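Engineer: here is my input, please return the structure:
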Amino acid sequence: DRCWTWYPQLGGTFVAQENRWHWPSGTIVKLGHCQNEEDKRNYWGQEYQFIGFDELTTFSLSQYLYISSRCRSTNQSIIRRIRSTTNPGGMGHKWVYERFVHNFEPNKTHVDNKSGLTRKYIPSTVEDNPTLFLNDPQYIKMLESLPEVERQRLRYGIWDTFEGQVFGQL
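Structural biologist: As a prediction, this is how the structure comes out:
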């Protein structure tokens with residue numbers, strides 16, 4: 001949502017027919033989605049140097065892997081990156097947990113044996129977002145009022161809490 005405020009201030013111009021922001025330097029930022037499994041094919045043949053996933057657990061593993069495969073460049077001097085944010089939970093919880101969290105030391109770079117690519121799990125909680133934490137103190141109270149499993153996930157960022165695993169008082 002912030003692109004609508006920030007990008008024009010940075011010289012970006014939105015071209016609605018392309019769903020892209022353009023800058024005088026030639027930089028292009030394309031906005032996209034992957035609502036359904038086959039929407040990943042919308043990225044067929046594309047080349048991106050940066051791919052950002054918001055709420056990664058809303059994606060399937062096959063969507064993530066396919067779209068990530070589009071992170072490439074014919075120019076070796078261009079650094080390619082993939083970044084993701086998410087909360088525990090959602091339909092992709094299991095694969096995200098296994099790929100990024102389980103058996104990974106937080107804040108340490110892990111090198112994948114097959115691809116040689118690196119990954120890093122950076123945990124955080126609402127306290128790590130001072131703008132939200134300070135400007136909306138009711139938000140924490142709302143998180144505290146959630147059912148146990150959702151509270152553990154969304155309030156404390158705990159990934160290895162599953163339905164049926166945590167029992168409340170009878």
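Engineer: may I see the buried residues of stretch 72-87?
Structural biologist: Buried positions in stretch 72-87, judged by neighbour count with 16 or more other Cβ atoms under 10 Å: 82, 84, 86-87. C-beta coordinates here come from the backbone N, C-alpha and C atoms, glycine included.
Engineer: tell me the mean pLDDT over it?
Structural biologist: For stretch 72-87, mean pLDDT rounds to 95.
Engineer: so what touches that stretch?
Structural biologist: Stretch 72-87 is contacted by residues 47-58, 68, 71, 92, 96, 100, 153-154, 157 when judged by Cβ atoms under 8 Å, 6 or more residues apart in numbering.
Engineer: ok, 10 Å please
Structural biologist: The contact list for stretch 72-87 (Cβ atoms under 10 Å, 6 or more residues apart in numbering) reads 46-59, 64, 67-68, 70-71, 92-93, 96, 99-100, 117, 119, 122, 124, 150, 153-154, 157, 159.
Engineer: and for stretch 105-112?
Structural biologist: The contact list for stretch 105-112, computed with Cβ under 10 Å, 6+ apart, reads 99-100, 103-104, 117-124.
Engineer: farthest-separated two in those residues?
Structural biologist: Farthest-apart pair in those is L117 and S124; separation 22.4 Å (Cβ to Cβ).
Engineer: just the buried residues of the contacts of stretch 105-112.
Structural biologist: Among these, those classed as buried by 16+ other Cβ under 10 Å are 99-100, 104, 121.
Engineer: turn those residues into a markdown table, including pLDDT, secondary structure and distance to H22.
Structural biologist: Output for the buried ones among the contacts of stretch 105-112, formatted as a markdown table (pLDDT from 0 to 100; DSSP: H, G, I helix; E, B strand; the rest coil; distance: Cβ to Cβ, whole Å):
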| residue | pLDDT | secondary structure | distance to H22 |
| --- | --- | --- | --- |
| R99 | 95 | helix | 34 |
| F100 | 96 | helix | 33 |
| F104 | 93 | coil | 38 |
| Y121 | 96 | coil | 34 |
